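Asks: here is a sequence with its predicted model. Questions after.
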Amino acid sequence: MFDEETLARARAAAAAWEARLGERNLDDAAVGGRTASGIPLQAVYGPADVAGLDVDDIGMPGLFPFTRGAYPLQYQAVGWSNQQVHGYGTPEQTNARMKALHGQGMEGYGGRPVFNLVFDLPTQEGFDADDPVARGRVGQSGVSVSTVDDLDRLFDRFDLDAINASLIMADPSLAILAMFIVLGERRGIAASELRGNTMNFLYNTFHMDRHGFPPEAAMRLIVELIRFTSREMPRWNSTNLCGYNIRQSGATSVQELAYAMAVSIAVTEACVAAGLTPDEFLPRFGFQICVDSDFFEDIAKMRALRRMWATINAERFGAELPRSLQARIHVHTSGAALTAQQPRLNIARAALHTLAAVLGGANSIQTSAYDEALTIPTEEAAVPALRTQQMIRYETGVTGVADPLGGSYYVEWLTDRIVEEANAALAELETEGGGFMEAWQSGWLRHRIAQTAYEDQERVIRGERIVVGVNRYRDEEDPEVPVFAVAPEVEDDQVRALARFRKRRDAAAVSASLAKLAAVVARPGELMEAVLDCFRADATLGEVMGVFRAAWPRGSVY
Amino acid sequence: MVGRPPPAPHAPAPLRVLLCKSGLDEHDRGVRYVMRKLMEAGMEVVYLVFHDPGEVAAAALQEDVAVIGLSSFVLGGIIPDADRTHIEDLGVVGVFGPGADPADIVATIRNSAGLT
């Protein structure tokens, strides 16, 4: 990047700097250090450290390989989307929170209302509110939705073609999408007009101990959703390549990046094998990335991610559309970094995480509320989290320049180093782990992530990784903060609503639609239409998912 | 999943512990950490991802465990203080939240199993 004469002068300055250190030499333990992923650092970076980088790998924002951002002007053209996760209790209760947050200025691209909705555990796993496994859990950690009627109540007063709806669930991704489409049909809105995204991360059993579909079946369902949306729903984001959950399971940032990339590659390969072309579906993939407490590593990770994705999609898959190459990144500020001890400190933590997300060029951000280490946020905690984003956007001036850290010796060096480390981790997965599908089945990935999670926790216990309020500057007594509680009558209310729903529908039509679904469940191309017909006939989420469960028994992958 | 550390000569039979979490819930980082610490403390750990609470009772009997540890995102992991008292009143010996010292968990299990 520099001519010889410039480099010689830079090296002379570095030598003078080292001489200036005196007794405090570079062997001092306090000098340098490591990133959270364990990458060893120098005490300072200069021109010589980036001289070997290829200027084409850095480029400009909005141009290949998109290291510096997906779009040329970044936030000067479009602000990031305030993708605050919310959802609890009954659909009416969550609808009230949606209205409250919307009223507080929570908005997506171009001011469009955006709702990043989390469902309770039974719903997320495809069980109705009246299922025995749902007992005690209805509405407890998200909103309870068993029917299209529930969804109608959830989106009460919101025009479906004017909003962006993000529907957070894994295995029932296809089903919740079908429910949303059928709700649109009832309200006279075509599927092609709907905007939002499904998670489609049925693959997450590779790092989570939950009951899920066997890998082959999960991948088939992932592809089926992508096939449908890429052809029928041009504005819908089909698939979340979720590094966030990988990191929350205890992976390092390097592993998070490598394994999210491995997911992208595996899903793309499965789609191509099913007859889709990469430029048909890649533009509607998006990443969800964790920003935790290593400020610069997380920024560099986002820059590295964009560069890797562009390179892989162009070189491995021959993708040509710019939209197939420019990774869009949703950042979720780390939940695991929040502390139950001295919980109000989390406001500062989440603000730093959010700032890192912005400096890394995130396209949408969820800023965690300070009480999320304890429970679902109260409204009193949810609003300051949103305000944090608004302050960074409007008060700090950091949005005035695209990629303001571009050209920083350290940030450019670290970006390049993370690409190198993540490519090595990816290569190891492909050789030693046998590739993503094999490593998912065998538990190779699961065990690797569990190991780094263990090592990290040990560092906290030993005090090597400092967490303020936990292993340093502890208070004898943690201050009381208001804790949100879901009203106990929610479960009864939802069960009663479901009983009324079951009573007034045409039971024969429901059975016929479910039987038809069972007949085509393994037939690519016919599946989605059959799922839609089930919800048109007023089948419940649990009934539809019951057909899938009968076809592919779920369980722990390991 | 069963982890068996090599038995020391003439050592008493290791304490068997059933650790479980719901298959509906994906928050497993804590329970996996506890599992490893118990194994390091010489215990045998049976790990169950269950669907129906009846499975926990059945596994406890079948595996002949002395102690059951339960991780639950809704119930606990993060357990509000108000609920903690109620859970202890139900006869649960120890409730461990964020920041719990693994040594305390090991000690509580040993105490409750009559080993001190």
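Replies: Arrived safely.
Asks: count the residues that sit near residue 60.
Replies: Looking at chain A here, since you left the chain open. The number of residues packed around A:Met60, counting by other CB atoms under 10 Å in any protein chain shown, is 14. C-beta here means a position set from N, CA and C on the backbone, and glycine is covered the same way.
Asks: to clarify, I was referring to chain B.
Replies: Residue neighbour count, defined by other CB under 10 Å, stands at 19 for B:Ala60.
Asks: cool, and the one 4 residues further on?
Replies: Taking other CB under 10 Å as the neighbour definition, B:Asp64 ends up with a count of 9.
Asks: what distance separates the helix or strand bottoming out on mean pLDDT in chain A from the centre of its chain?
Replies: When the helices and strands of chain A are scored by mean pLDDT, DSSP states H and E, strand A:33-34 comes last with a mean of 90. Centre-to-centre, strand A:33-34 and its host chain are 27 Å apart (CA atoms, centre = their mean, to the nearest Å).
Asks: downstream of it, the next helix or strand is which one?
Replies: Sequence order places strand A:40-41 as the next helix or strand after strand A:33-34, per DSSP states H and E.
Asks: which helices and strands does that following strand pack with?
Replies: Counting contacts by 3 or more CB pairs under 8 Å, 6 or more residues apart in numbering or on different chains; DSSP states H and E, strand A:40-41 is packed against strand A:33-34.
Asks: show me what the strand it packs on is packed up against.
Replies: The helices and strands touching strand A:33-34, judged by 3+ CB pairs under 8 Å, 6+ apart, are strand A:40-41.
Asks: and the strand it packs on, which strands flank it?
Replies: strand A:33-34 (antiparallel) (DSSP bridges).
Asks: what's the partner strand in contact with?
Replies: Judged by CB atoms under 8 Å, 6 or more residues apart in numbering or on different chains, the contacts made with strand A:33-34 from elsewhere in the structure are A:Pro40, A:Leu41.
Asks: which residue ranges form the helices in the stretch 151-300 of chain A?
Replies: A:173-186, A:215-232, A:243-248, A:253-273, A:278-281, A:295-315 (DSSP state H, counting those that start in this stretch).
Asks: what's the first-to-last distance across stretch A:107-120?
Replies: Taking CA to CA, to the nearest Å as the measure, stretch A:107-120 stretches 24 Å from start to finish.
Asks: what's next to that stretch, contact-wise?
Replies: If you take CB under 8 Å, 6+ apart as the criterion, stretch A:107-120 is touched by A:78-79, A:81-88, A:94, A:98, A:102, A:106, A:134, A:137-145, A:154, A:158, A:162-169, A:176, A:195, A:364, A:366.
Asks: what comes up buried for that stretch?
Replies: Of the residues in stretch A:107-120, those scored as buried under the neighbour-count criterion (16 or more other CB atoms under 10 Å in any protein chain shown) are A:Glu107, A:Gly108, A:Pro113, A:Val114, A:Phe115, A:Asn116, A:Leu117, A:Val118, A:Phe119, A:Asp120.
Asks: so where is the chain shaky, pLDDT-wise?
Replies: In the absence of a named chain, this looks at chain A. A:24-32, A:556-558 (pLDDT under 70).
Asks: the intended chain is chain B.
Replies: Counting by pLDDT under 70, the low-confidence segments of chain B come to B:1-11, B:73-78, B:115-116.
Asks: close to chain A: what parts of it are there?
Replies: By CB under 8 Å from any CB of the partner chain, the residues of chain B that approach chain A are B:1, B:21-26, B:28-29, B:31-33, B:36, B:49, B:51-52, B:73-75, B:78, B:80, B:97-99, B:101-102.
Asks: show me where chain B has strands.
Replies: For chain B, the strands identified by DSSP state E occupy B:2-3, B:16-22, B:44-50, B:67-71, in order along the chain.
Asks: reformat those strands as CSV; add distance to A:Leu498 and mean neighbour count.
Replies: Below are the strands of chain B laid out as CSV (distance: least, CB to CB, whole Å; neighbours: other CB atoms under 10 Å in any protein chain shown):
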stretch, distance to A:Leu498, mean neighbour count
strand B:2-3, 40, 12
strand B:16-22, 21, 23
strand B:44-50, 24, 21
strand B:67-71, 28, 20
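Asks: got those strands as a markdown table, with distance to A:Ala8 columns?
Replies: As requested, the strands of chain B are arranged in a markdown table below (distance: least, CB to CB, whole Å):
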| stretch | distance to A:Ala8 |
| --- | --- |
| strand B:2-3 | 58 |
| strand B:16-22 | 60 |
| strand B:44-50 | 60 |
| strand B:67-71 | 60 |
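Asks: could you measure from the closest residue in space to A:Asp149 that isn't next to it in sequence over to chain B?
Replies: Computed as CB to CB, 6 or more residues apart in numbering or on different chains, the closest residue to A:Asp149 that is not its neighbour in sequence is A:Phe501, at 5.7 Å. According to CB to the nearest CB, to the nearest Å, A:Phe501 and chain B sit 22 Å apart.
Asks: what element comes up after whichever strand or helix holds A:Phe501 heading to the C-terminus?
Replies: In this structure, A:Phe501 is located in helix A:490-504 according to DSSP H and E. Secondary structure here is assigned by DSSP H and E; on that basis, the next helix or strand after helix A:490-504 toward the C-terminus is helix A:507-520.
Asks: may I have that following helix as CSV, with CA atoms only?
Replies: Output for helix A:507-520, consisting of C-alpha atoms alone and laid out as CSV, is shown next (Å, rounded to 0.1, in the frame of the first residue of the first chain):
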residue,chain,number,x,y,z
ALA,A,507,-63.5,-29.7,11.4
ALA,A,508,-63.8,-31.8,8.2
ALA,A,509,-62.0,-29.2,6.1
VAL,A,510,-59.2,-29.0,8.7
SER,A,511,-58.7,-32.8,8.6
ALA,A,512,-58.7,-32.9,4.8
SER,A,513,-56.1,-30.1,4.6
LEU,A,514,-53.9,-31.8,7.1
ALA,A,515,-54.2,-35.2,5.3
LYS,A,516,-53.2,-33.5,2.1
LEU,A,517,-50.2,-31.9,3.8
ALA,A,518,-49.2,-35.3,5.1
ALA,A,519,-49.3,-36.7,1.6
VAL,A,520,-47.0,-34.0,0.1
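Asks: touching the very next helix or strand once past it from outside, list them.
Replies: Per DSSP H and E, helix A:507-520 leads on to helix A:527-536 as the next helix or strand towards the C-terminus. In this structure, residues lying in contact with helix A:527-536 by CB under 8 Å, 6+ apart are A:148, A:174-175, A:178-179, A:181-182, A:185, A:224-225, A:227-228, A:510, A:513-514, A:516-517, A:519-521, A:543-544.
Asks: what subset of those residues is buried?
Replies: Neighbour counting with 16+ other CB under 10 Å marks A:148, A:174-175, A:178-179, A:181-182, A:224-225, A:227-228, A:510, A:513-514, A:516-517, A:520-521, A:543-544 as buried within the contacts of helix A:527-536.
Asks: nearest spatial neighbour of whichever residue of chain B sits closest to chain A, chain-adjacent residues omitted?
Replies: When scored by CB to the nearest CB, chain B has B:Gly23 as its residue closest to chain A, at 3.4 Å. Counting by CB to CB, 6+ apart, B:Gly23 lies nearest to A:His211, which is 3.4 Å off, once chain neighbours are set aside.
Asks: find the residue at the geometric middle of chain B.
Replies: The geometric centre of chain B, computed from its C-alpha atoms, lies nearest to B:Gly69 (CA atoms, centre = their mean), at 2.5 Å.
Asks: wait, that one sits on B:Leu18?
Replies: Yes. Taking CB atoms under 8 Å as the contact criterion, B:Gly69 and B:Leu18 are neighbours in contact, 7.0 Å apart.
Asks: quick one: stretch A:238-255 to chain centroid distance?
Replies: With CA atoms, centre = their mean as the basis, the distance from the averaged C-alpha position of stretch A:238-255 to the chain average is 7 Å.
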